[in-house]
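>>> Okay, sequence plus prediction incoming.
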Amino acid sequence: MTASFRFGLLFGFLFHSIFLFSQTPEEKFKVAKAYFDSKELDKAELAFEELFKKEPGNSTLYSYLFQIQISLLHYEQAEKTAKLMAKKSEYPSMYLIDAGFAAKNQKDKADKAQKYFEDAVGKMKANQSLITSVADQFEQRNELEWALKTYRRGIQLLGDDVQVRFKIAEYLGKIGQKQSMIDELLSLLIYDGRRLELVENTLQTQLTQKSEWELFRISILKATQKYPDQVPISELFIWYQVQQNNFEQALRLTLALVSRTGEDGNRIYALSKEAEGAQNIPAAIQILEAYLALGKGTPLYMQARMDILAFRKDQLLSQPNSDTIALQLKNDYQIFFDEFGYKIGNLNLQKEYARFLAFRLDSLDRAVQMMEQAIDLPGLNRLQQAELKLELGDFYLIAGDEAEAALTYGQVDKAFKEDAIGREAKFRNARLSFFQGDFEWSQGQLDVLKAATSQKISNDAIFLGMLIQDNLGIDSNFAAMETFALADRFAFRLKIDSALFYFGKLVTDFPGHSITDEAWFATGKMFERALKYQEAVVWYKKVVEGYGQEIWADDALFRLGMLYSYPLNNKEEGKKYFEKLLIDYPNSTFAVEARKHFRLLRGDGQETPEPLEFVPFDSGWSL
């Protein structure tokens, strides 16, 4: 600011002095703040200078004045303001940092700035809150070295304070002294093993380069050799192996630790959860098997068995054609039931195992036997028995005993006419009739279900009913419908190759038939079930392009959006198909979910969409 300009401002300010002279300090403050709020900083500076001269120890006035002076680049005045405030304050350190900051921004005052910073650290008192505030102030001024010196001084004032030592380690990391940081953290952990989680979090935040992790690996290895009986050091070494996704080594170290401490093995089970979180399912299974090897007396033995089953099912669903995994899963199921028996408490597992036997291994006799035995378990209520009977009816259907399947479904329908499970039984009987080629009777049963209150069953009935209604009168001998029913029956049994063969045969044998779009859509579903997503996309696109005005077009658009957005990881393409569905089919039953996914992909979604479901048909081995 030039002398003449500053004089002009002062003259203008004095012009109002008669008015201001008569004002109270509160009124003068309001005027000064109004200048500040309206960004008239030159006027605000003069106003706050006048107020601050009368109250040089007022922290509020100081805060405004110093901020204004720094904004106007009036560093010399700012230095004087901060220096004056430091003299008036019982705790001068914060203001000395401000003075140093202002001095550092002036020519040839770097040494003076360092002297201010040195005084700020030297005049601190033994107060942890004050020490932290001073260090934070240094960090805000980008003086990390001085923040570190602040905490080192804090150790001298407070003694060996753990929290201060953690701050020292943190700042060592921030200024790039990674090895010193690691040494400090390891020393802290030996001093106080309860701080393990805080040490881990600090390392996770500060170690960002591969070379830095290598420094830590060497250091923690030396520490385990030097302090073999320090459990927290061993735990930290295990944690490091987990961060590197080296679960084999983590397991070896964990087993050694459990053996040394005589623990019950819960830390081994916890390690399996780490592997699960890292999506390393083979490692999770290996760790659980090591836990089970400790014996049945371990607290989580049954849960570990159930976890192995869940992991193995995940493996099979991602590799559906793996006979090796299928046999491993069968063995895991059998071990579980040999050890724990067939009880009400594990009824859901019994149903899963039976479905697996029926749909994946074609062991229908054993699946039927299991359900018949489960129905007779003592203590079952009527609803549980009905659910088991529906499973049993499916197994009879797969085995070709259609009369027994119809009878079993009928029993549930009759016993629960007004309930959802009764409607489900009626639907399954209608679907059985469809498989048998009795389309008119099937249509009659489905009409009854259209008013069902359960949306899932109602939709199943509507979809199958529309398929029959749209295509029944086209072919007087029902040949195309019968071929579709045969293909759909194979699809129900999850015989994907056979289903694809007959869907393809239908299109070839009956070119231009009205059922073509259903066959194409079902073909896409079967490829999707086989995890062949690119092939599924081809068939869904054929539905959209060839039958855009038919009932399956919006279904196909939704599947295209889901496949591109998630398993195929092409977000832009997925967004395009969701948008097309919303524009072309605003009344679609998929509109709500499509809108959620579209907004999520666009970056403004607030609602969580339903998870992606890959199992395309109502029945089949799905977990």
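Now that the structure is in, tell me what you want to look at. Keep in mind it's a predicted model, so treat the numbers as computed, not measured.
>>> And stretch 27-37, how far out from the chain middle?
Centroid separation for stretch 27-37 versus its chain: 49 Å, with C-alpha atoms, centre = their mean, to the nearest Å.
>>> any idea of the mean pLDDT in it?
Mean pLDDT, stretch 27-37: 93.
>>> Pull out the buried positions in that stretch.
Judged by neighbour count (16 or more other C-beta atoms under 10 Å), stretch 27-37 contains these buried residues: 28-29, 31-32, 35-36. (Each C-beta comes from the backbone N, C-alpha and C, glycine too.)
>>> Distance across stretch 504-517, terminal residue to terminal residue?
12 Å (C-alpha to C-alpha, to the nearest Å).
>>> which residues touch it?
Applying C-beta atoms under 8 Å, 6 or more residues apart in numbering, the external contacts of stretch 504-517 come out as 467, 470-471, 474-475, 479-481, 483-484, 487, 519-520, 523, 543, 546-547, 550-553.
>>> Please flag which of the residues you listed sit within helices.
The helices, defined by DSSP state H, take in 467, 470-471, 479-481, 483-484, 487, 519-520, 523, 543, 546, 553 from the contacts of stretch 504-517.
>>> mind listing what residue 565 touches?
571, 573-575, 578, 597, 601.
>>> repeat that for 6 Å
By C-beta atoms under 6 Å, 6 or more residues apart in numbering, the contact list for residue 565 reads 571, 574.
>>> Which pLDDT does the model give it?
Residue 565 is assigned 91 on the pLDDT scale.
>>> That one and residue 582: what is the separation?
Distance, residue 565 to residue 582, by C-beta to C-beta, to the nearest Å: 14 Å.
>>> ok, now residue 56?
Residue 56 sits at a distance of 66 Å from residue 582 (criterion: C-beta to C-beta).
>>> Compare the two and say which one has the larger neighbour count.
Between residue 56 and residue 582, counting by other C-beta atoms under 10 Å, residue 582 is the more crowded of the two (19 against 14).
>>> Could I get the CA-only coordinates of the helix or strand where residue 85 lies as PDB?
Element membership of residue 85, judged by DSSP states H and E, is helix 75-88. Output in PDB follows, covering the C-alpha atoms of helix 75-88 (Å, rounded to 0.1, in the frame of the first residue of the first chain):
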ATOM      1  CA  TYR A  75       3.100  -9.000   6.500                       C
ATOM      2  CA  GLU A  76       5.000  -6.500   8.500                       C
ATOM      3  CA  GLN A  77       1.900  -5.200  10.200                       C
ATOM      4  CA  ALA A  78       0.700  -8.700  10.800                       C
ATOM      5  CA  GLU A  79       4.000  -9.600  12.400                       C
ATOM      6  CA  LYS A  80       3.700  -6.600  14.800                       C
ATOM      7  CA  THR A  81       0.100  -7.600  15.600                       C
ATOM      8  CA  ALA A  82       1.000 -11.200  16.400                       C
ATOM      9  CA  LYS A  83       4.000 -10.100  18.400                       C
ATOM     10  CA  LEU A  84       1.900  -7.700  20.500                       C
ATOM     11  CA  MET A  85      -0.700 -10.400  21.100                       C
ATOM     12  CA  ALA A  86       2.000 -12.900  22.200                       C
ATOM     13  CA  LYS A  87       3.200 -10.400  24.800                       C
ATOM     14  CA  LYS A  88      -0.400 -10.000  26.200                       C
END
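>>> what packs against the following helix or strand past that helix?
Sequence order places helix 93-104 as the next helix or strand after helix 75-88, per DSSP H and E. Contacts defined by 3 or more C-beta pairs under 6 Å, 6 or more residues apart in numbering; DSSP states H and E place helix 93-104 against helix 75-88, helix 110-122, helix 128-140.
>>> Can you list the buried residues in the helix holding residue 85?
75, 77-79, 81-86.
>>> Distance from the chain centre to it, please.
Relative to its chain's centre, helix 75-88 lies at 51 Å (C-alpha atoms, centre = their mean).
>>> Now do it: everything it contacts.
Contacts to helix 75-88, defined as C-beta under 6 Å, 6+ apart, come from residues 56-57, 62, 65-66, 69-70, 92, 95-96, 98-99, 102-103, 105-106.
>>> Enumerate every residue touching residue 590.
Residue 590 touches 554, 558, counting by C-beta under 6 Å, 6+ apart.
>>> Could you dump the buried residues of helix 75-88 into CSV and include distance to residue 347 and pLDDT?
CSV is the format used below for these (distance: C-beta to C-beta, whole Å; pLDDT from 0 to 100):
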residue, distance to residue 347, pLDDT
75, 78, 95
77, 81, 96
78, 76, 95
79, 79, 95
81, 77, 95
82, 75, 95
83, 79, 94
84, 80, 95
85, 75, 95
86, 75, 95
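>>> so which of the residues you listed comes closest to residue 149?
Using C-beta to C-beta, residue 86 is the member of these that sits closest to residue 149, with 18.2 Å.
>>> Pull up the gap between the closest one and residue 101, please.
Residue 86 sits 13 Å away from residue 101, taking C-beta to C-beta as the criterion.
>>> ok, now residue 110?
Here residue 110 is placed at a distance of 12 Å from residue 101 (C-beta to C-beta).
>>> repeat for residue 576
In terms of C-beta to C-beta, residue 576 sits 53 Å off from residue 101.
>>> what does residue 202 give?
Noted for residue 202: a distance of 28 Å to residue 101, by C-beta to C-beta.
>>> which of these two has more neighbours?
Comparing residue 202 with residue 101 by neighbour count (other C-beta under 10 Å), the higher total belongs to residue 101, at 24 against 20.
>>> nearest spatial neighbour of the more buried one, skipping sequence neighbours?
Excluding its sequence neighbours, the residue lying closest to residue 101 (C-beta to C-beta, 6 or more residues apart in numbering) is residue 141, at 4.9 Å.
>>> I'd say that neighbour and residue 100 touch.
No. Contact between residue 141 and residue 100 fails when scored by C-beta atoms under 6 Å: they sit 7.8 Å apart.
>>> what residue ranges in the stretch 201-350 of the chain score low on pLDDT?
Judged against pLDDT under 70, the stretch 201-350 of the chain has no low-scoring part.
>>> can you give me the strands for it?
Secondary structure of the stretch 201-350 of the chain (DSSP state E, counting those that start in this stretch): no strands located.
>>> can you give me the helices in it?
210-226, 231-243, 247-261, 266-277, 281-292, 301-318, 323-340, 347-355 (DSSP state H, counting those that start in this stretch).
>>> quick one: pLDDT of residue 1?
pLDDT at residue 1 comes out at 51.
>>> Got the domain ranges for this structure?
416-472, 479-602 (automatic domain parsing).
>>> now residue 602, nearest residue through space, not along the chain?
residue 575 (6.5 Å).
>>> From residue 542, how far out is the one you found?
Distance, residue 575 to residue 542, by C-beta to C-beta: 21 Å.
>>> With residue 244 instead?
Using C-beta to C-beta, one obtains 47 Å as the distance from residue 244 to residue 542.
>>> Point out where this structure drops to low pLDDT.
For the chain, the stretches with pLDDT under 70 are 1-22, 452-459, 473-477, 605-623.
>>> For it, which residue occupies the most central location?
residue 277 (10.2 Å; C-alpha atoms, centre = their mean).
>>> ok, back up a step: quick one: which of residue 141 and residue 100 has more around it?
Per other C-beta under 10 Å, whichever of residue 141 and residue 100 has more neighbours is residue 100, with 28 against 17.
>>> May I ask you to confirm that the more buried one is in contact with residue 113?
Yes. Between residue 100 and residue 113 there is a contact under C-beta under 6 Å: 4.3 Å.
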